[in-house]
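In: Sequence and predicted structure are below.
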Amino acid sequence: MFEIGWIDFSNKDRERAKRLLSFIKPEGQLDELGVGYIRDALSNQIFPGISTIQTRAKYFFIVTNILRDFGKLNPSEKRKTTGRNYLNTQEHEVKNRLRDLYEGKEGLGIIGVTLKKRQQVKRNASEIYWNGLQTYCFLENGGLSLPQFLKNFSAPQTLERSVTEEEKDDLMEIEGLEKIKTPIDNHWFQNLQLGLTEDEQGFFKSQILQPSNFKPYSLLVDLMKNEELRNVFIDAPTFQDFVVQVQEINFDIDVKENLVLAHDFSWLMEGVHLLYNHILKVHIFGANYTDYHLDEYTEWRTQIKQLMINFKGFDPSGLYKHTMYSRKGTELFIDAWWEYIKNSDPKALPSSDILKFIENRERLSKGKKSRLSKPASANTDIDIEKPVGLSRFQFRFFNAKTIVKDIFEESKKEFQ
């Protein structure tokens, strides 16, 4: 085991170090078999700019509105703060205002809704949505990290704050403000609500459809153009149901093929995670474990040909072209698992060789964090029936559905 450290001289150095570490850090504790990065790569292709911690489309505009307000400060006002502090303060105010407007109701996607007035969120919307803001060019930042963008954006301006309708055009002349492309709304905070305005809906849709922002495997582009596809997407209970239901709908063939690939990959990995859980429960609970996960695997094994849309044509190599970098160990593991499923008897119990193969994979993937390398007494957090590891891949389906619904939901004033 090795460790990496650095002397923290600047935000730029810190961000470079974080990016480096993101490529070499071990998989998260839940990714026991080390295949999550392929799921994430496919998610990035299908729903670019969307993440599993984004909650509502409105935050794309809240962040840019705050940045625009900061850019409009006159020099004396700007000297009293920094871009980072201003952003933190205003995002905190947004949290409190939305919480009060919606009476603290959970499940609406309000970041920090359960926190008290003085409590700060652990992760602000500006950080959560930064990649999406860049992906769809809500602002132009040259690929800068949020801290570096704020540093550059914090240079004092010589022009005064602009607040009237007549001065909107002048805003674009202020150095730095032209980088923010979202519709100008000088009263956005006073009129704050979770739903998008008509201008915001139109802008978001146009940015997704913008040729310069085009992503070749992005489902979002087709969802903007195809009402039939969009309706199925919004109504489907899971990613897997959605992909099955849209096979007869006409839309971009490359996108459709990629959806099928992701769909079939999710079902293929379901089986190996069921077997891993069986191995783990035997290891921890011994005779007290009643082969619960093995029974699930047996049912899965007899159905996998029907569950996968393109079982005969499935090719794991199609997965790897979507990843930014290659992990040969993971690719070999997936290839070998696919060969086993293709060529073994669906009605037979898993062989001792395949069980050992999965066990070795977990040990290799997790290293010192391997649960199978620890005694049963060290795995006290494991429930005898609750599965461990990655659940069936949804590829950010539910987060993307919320964003799409926000873009197309009828715009209305929720509060006067």
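Out: Nice, I can see it.
In: Give me the residue ranges of the stretch 51-200 of the chain where confidence is low.
Out: Filtered on pLDDT under 70, the stretch 51-200 of the chain yields the residue ranges 154-176.
In: at 80 instead, please
Out: For the stretch 51-200 of the chain, the stretches with pLDDT under 80 are 141-142, 152-178.
In: same check, this time on the stretch 251-400 of the chain
Out: Within the stretch 251-400 of the chain, no range satisfies pLDDT under 80.
In: which residues in it form helices?
Out: For the stretch 251-400 of the chain, the helices identified by DSSP state H, counting those that start in this stretch occupy 253-285, 292-307, 317-320, 328-343, 352-366, 397-408, in order along the chain.
In: CA atoms of the third one as CSV?
Out: To tie it back to what came earlier, the one meant is helix 317-320. Included here for helix 317-320 are C-alpha records, laid out as CSV according to Å, rounded to 0.1, in the frame of the first residue of the first chain:
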residue,chain,number,x,y,z
SER,A,317,-15.7,-4.9,-25.9
GLY,A,318,-18.4,-2.4,-26.8
LEU,A,319,-18.4,-1.3,-23.2
TYR,A,320,-14.8,-0.5,-23.0
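In: list the helices and strands that helix packs on?
Out: If you count contacts as 3 or more CB pairs under 8 Å, 6 or more residues apart in numbering; DSSP states H and E, helix 317-320 packs onto helix 36-46, helix 253-285. Using the backbone N, CA and C atoms, a C-beta is placed for each residue, glycine as well.
In: For Lys386, find the nearest of the ones you listed.
Out: Checking the helices and strands packed on helix 317-320 against Lys386 by CB to CB gives helix 253-285 as the closest, at 9.0 Å.
In: need the contact list for the spatially most central residue of the chain.
Out: When the chain is reduced to its mean C-alpha position, the nearest residue by CA atoms, centre = their mean turns out to be Ser51, at 1.9 Å. By CB atoms under 8 Å, 6 or more residues apart in numbering, the contact list for Ser51 reads 128, 131-132, 396, 399.
In: picking up where we left off before, quick one: the helices and strands packed on helix 317-320 as TSV, columns for distance to Tyr325 and mean neighbour count too.
Out: Written out in TSV, the entries for the helices and strands packed on helix 317-320 read as follows (distance: least, CB to CB, whole Å; neighbours: other CB atoms under 10 Å):
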stretch	distance to Tyr325	mean neighbour count
helix 36-46	9	21
helix 253-285	18	21
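In: will you turn these into JSON lines that also has distance to Leu229?
Out: Conversion of the helices and strands packed on helix 317-320 to JSON lines gives the following (distance: least, CB to CB, whole Å):
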{"stretch": "helix 36-46", "distance to Leu229": "13"}
{"stretch": "helix 253-285", "distance to Leu229": "10"}
